[in-house]
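Novice: Kindly generate the corresponding structure for this input.
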Amino acid sequence: MKLFYQILYYFQKRGFEVCRRIAERLGIRARVVRTSFIYLTFVTLGFGFALYLFVAFWLRIKDLVHTKRTSVFDL
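Specialist: Next up, the predicted model:
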């Protein structure tokens, strides 16, 4: 378990260092950069799910409008 916490600490330290350097470059607080990364993660995941629902809805409508008929006598 100690190894897990060492690895976690290493990535947190390096990740916060990246956010701090970006914040220094832009002239804003590091906390703003971290929260914006979190919000962007939720937005991109939400966009993918919304796109999936839209495509599923579109395919359902297409299947309802355009039905395959095996022969002329199925009218």
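
Novice: Can you list the buried residues in the helix or strand hosting residue 18?
Specialist: According to DSSP states H and E, residue 18 maps onto helix 2-26. The neighbour-count check on helix 2-26 (16 or more other CB atoms under 10 Å) flags 19, 22, 23 as buried. All C-beta spots, glycine's among them, are computed from the backbone N, C-alpha and C.

Novice: any idea which of these is closest to residue 6?
Specialist: Set against residue 6, the nearest of the buried residues of helix 2-26 by CB to CB is residue 19 (20.7 Å).

Novice: and that closest one, how far is that from residue 2?
Specialist: 26 Å (CB to CB, to the nearest Å).

Novice: Same check on residue 11?
Specialist: 15 Å.

Novice: Then residue 13?
Specialist: Counting by CB to CB - residue 13 and residue 2 are separated by 16 Å.

Novice: which element is the spatially most central residue of the chain on?
Specialist: Closest residue to the average C-alpha location of the chain: residue 45 at 2.3 Å, with CA atoms, centre = their mean. Using DSSP H and E, residue 45 maps to helix 30-65.

Novice: circling back: export the buried residues of helix 2-26 to TSV and append columns for distance to residue 33.
Specialist: Converted to TSV, those look like this (distance: CB to CB, whole Å):
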residue	distance to residue 33
19	5
22	5
23	5
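
Novice: Output the residues you listed in TSV; the columns should cover pLDDT and distance to residue 30.
Specialist: Formatted as TSV, the buried residues of helix 2-26 follow (pLDDT from 0 to 100; distance: CB to CB, whole Å):
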residue	pLDDT	distance to residue 30
19	83	5
22	89	8
23	91	4
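
Novice: Which pLDDT value goes with residue 56?
Specialist: The pLDDT attached to residue 56 in the predicted structure is 91.

Novice: Which elements pack onto the helix holding residue 45?
Specialist: helix 2-26 (3 or more CB pairs under 8 Å, 6 or more residues apart in numbering; DSSP states H and E).

Novice: so how far is the helix it packs on from its chain's centroid?
Specialist: Relative to its chain's centre, helix 2-26 lies at 21 Å (CA atoms, centre = their mean, to the nearest Å).

Novice: got a list of contacts for it?
Specialist: Applying CB atoms under 8 Å, 6 or more residues apart in numbering, the external contacts of helix 2-26 come out as 29, 30, 32, 33, 34, 37.
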